[in-house]
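Student: coords please:
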Amino acid sequence: MRLRNQAVALALSLLPIGQTFLLGTITASTAVVVLSASSAQAKKASEIANISKRITVLIEGVQGGSGVLIKREGNRYTVLTAWHCVKDIRKGDELEINTPDGKWHQIDTGSIKRIGKVDLAVFTFSSNKSYKTASIGEIKNISMGDPIFVSGFPLASSSVPTRLLRFLKGDVIANATVDIPDGYQLLYTNPTLPGMSGGSVLNTQGKLVGIHGRSERDDEVSNKTGKAVSTGTNQAVPIAFYNLFNQNKKVVASNSKATSADDYLAKIGAILEVKGKEKEVIRLANKSLAIKETAKAYFYSAYAKTVLDNAQGAITDYTKAINIDPKSSNAYTNRGTVKSELLGDYESAILDLNKAIKIDPLNADAYNNRAFIKYQSGDNYGAIKDINKAIEINPRHKGYYINRGRGKLSLGDNQGASDDYTKAIKIDPLNDIAYHNRGISKRELGDNYGAI
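Tutor: Reported below is the predicted structural model:
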């Protein structure tokens, strides 16, 4: 297995907002990074983090991902995960999990079962060790705005070469009961990463209420500028579907037709980043707003209008979202980006981006987008400083390396630019912009063959 030759660490560390990632003392197999919004919540968050550390497992194989220890029967354990993490596994393939004690276990590939038509699956492994299994919570008690906690193992990268357990706090966006493709009825703001699919979604009592499955896609206003526009939306399949499966009942959504504001928001989540669906997003947002006025519905409408280049409409909706939720860092980021990208109003855009960073010092997109305005004013060093901060926060974002490479090219640091484009290519081997710009940097270095 790939991780056999890597040092895998076990630690528990607190990360106050605005500080860099810290890893504690190395003792065994996995590390936990806790994001804490305030000292008043730190103890509760750390207790839930300890629960997540004991029930969340790393899946290593064809796809890779995370899973949750859900049941024990004698020496046989059942793991609940996302179906897309194991769907390509065939009998005879090598597939292992790493449990919280650092032990590797061979999965019985013949035990893999999909749950209904949703993105959930179970499989089993055998062990005489005693592991904690998840306590199941009541999904009906989860409401918009409630704190929610997600844990899982992001994929390794050149910046973070070991798969460490991440524990992330966020808020519920919607908890729907309407039928959504693949069952993604639970939406939240937690900033998850690829590889965390199949990981635990826990409520404030540390009980399992869902399985994480979809991260926000890295998106940009345009390939020309590389300015990022965040949706702030990640998704899970509620635990209710597993409960139906475990009770040998038919696995179906409770409603076939949207009836609540949350239902419409969840339907938006299924199509939000699909090109050509922007008008449908706006229609569904208006349906949600007709039932209940929420910041997120205005935010989604604004996001779709941004893609449609409707700058004034987007700014109006982002402003309404901010009026309802003045702490929405993403709304300030996106509004500032629209002002700079579509209107050229750099002064007002900087004010919005500064506000976004003040609210959330870990908002990498805000640093990245502010860097472009600094480029426009000729402050290349200041721009690179901002992008360095974005990369420090999220070292797996290809766009940040491409953007820093552009800055280094403008300063004549051709080798540094080439190195950044190479990092972007390692993250996304099909990124044509990174290859193109690396070719330019190699040409400037005199490596014409490499440039070609």
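Student: domains for the protein, by residue range?
Tutor: 2-212, 274-362, 378-452 (automatic domain parsing).
Student: need those in TSV (columns: distance to residue 235, mean neighbour count and mean pLDDT).
Tutor: In short, each C-beta sits where N, CA and C put it, glycine included. TSV is the format used below for these (distance: least, C-beta to C-beta, whole Å; neighbours: other C-beta atoms under 10 Å; pLDDT from 0 to 100):
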stretch	distance to residue 235	mean neighbour count	mean pLDDT
domain 2-212	4	19	79
domain 274-362	13	20	95
domain 378-452	19	19	92
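Student: closest one to residue 262 among those domains?
Tutor: Nearest of the domains of the chain to residue 262, taken as C-beta to C-beta: domain 2-212 at 4.1 Å.
Student: report the distance from the closest one to the chain centre.
Tutor: In terms of C-alpha atoms, centre = their mean, to the nearest Å, the centre of domain 2-212 is set 13 Å apart from its chain centre.
Student: please apply the same query to stretch 339-346.
Tutor: 27 Å.
Student: same check on stretch 207-217?
Tutor: 9 Å.
Student: using PDB, list the CA coordinates for it.
Tutor: What follows is stretch 207-217 as a C-alpha-only set of coordinates in PDB (Å, rounded to 0.1, in the frame of the first residue of the first chain):
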ATOM      1  CA  LYS A 207     -23.600  11.700  17.300                       C
ATOM      2  CA  LEU A 208     -23.500  10.600  13.700                       C
ATOM      3  CA  VAL A 209     -26.100  12.400  11.600                       C
ATOM      4  CA  GLY A 210     -24.600  11.900   8.100                       C
ATOM      5  CA  ILE A 211     -21.800  10.700   5.900                       C
ATOM      6  CA  HIS A 212     -19.800  13.400   4.100                       C
ATOM      7  CA  GLY A 213     -19.600  12.900   0.300                       C
ATOM      8  CA  ARG A 214     -19.200  16.100  -1.700                       C
ATOM      9  CA  SER A 215     -16.800  19.000  -1.300                       C
ATOM     10  CA  GLU A 216     -17.100  22.400  -2.800                       C
ATOM     11  CA  ARG A 217     -15.500  22.400  -6.200                       C
END
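Student: just put the domains of the chain in TSV and tack on distance to residue 249.
Tutor: Compiled in TSV, the domains of the chain are given as follows (distance: least, C-beta to C-beta, whole Å):
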stretch	distance to residue 249
domain 2-212	10
domain 274-362	29
domain 378-452	39
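Student: among these, which comes closest to residue 228?
Tutor: Comparing the domains of the chain by C-beta to C-beta, domain 378-452 comes nearest, at 6.3 Å.
Student: got the end-to-end distance for that closest one?
Tutor: End-to-end span of domain 378-452 (C-alpha to C-alpha, to the nearest Å): 30 Å.
Student: also stretch 129-140?
Tutor: Termini of stretch 129-140 sit 33 Å apart (C-alpha to C-alpha).
Student: where does residue 385 sit, in terms of helix or strand?
Tutor: helix 380-393 (DSSP states H and E).
Student: just checking, what packs against that helix?
Tutor: helix 364-376, helix 398-410 (3 or more C-beta pairs under 8 Å, 6 or more residues apart in numbering; DSSP states H and E).
Student: those: which one's closest to residue 293?
Tutor: Nearest to residue 293 among the helices and strands packed on helix 380-393 is helix 364-376; the distance by C-beta to C-beta comes to 25.7 Å.
Student: buried sites along the closest one?
Tutor: 364, 365, 366, 367, 368, 369, 370, 371, 372, 373, 374, 375 (16 or more other C-beta atoms under 10 Å).
Student: pull the residues that contact stretch 132-147.
Tutor: Outside stretch 132-147, the residues that touch it by C-beta atoms under 8 Å, 6 or more residues apart in numbering are 41, 51, 54-55, 68-72, 77, 80, 100, 148, 169-175, 186, 200, 202-210, 238-240, 242-243, 262, 294, 296.
Student: if we use 6 Å, what do you get?
Tutor: 54-55, 68-72, 171-172, 175, 203-204, 207-209, 238-240 (C-beta atoms under 6 Å, 6 or more residues apart in numbering).
Student: from the contact counts, what lies against the one helix or strand residue 210 maps to?
Tutor: Assessed by DSSP H and E, residue 210 sits inside strand 208-214. Applying 3 or more C-beta pairs under 6 Å, 6 or more residues apart in numbering; DSSP states H and E, we find strand 208-214 packed against strand 200-202, strand 234-238.
Student: quick one, which of these gets closest to residue 425.
Tutor: Per C-beta to C-beta, nearest to residue 425 of those: strand 234-238, 25.9 Å.
Student: one step back: between the buried residues of helix 364-376, which is closest to residue 399?
Tutor: residue 368 (7.2 Å).
Student: for that closest one, what are its contacts?
Tutor: 228, 387, 390, 400.
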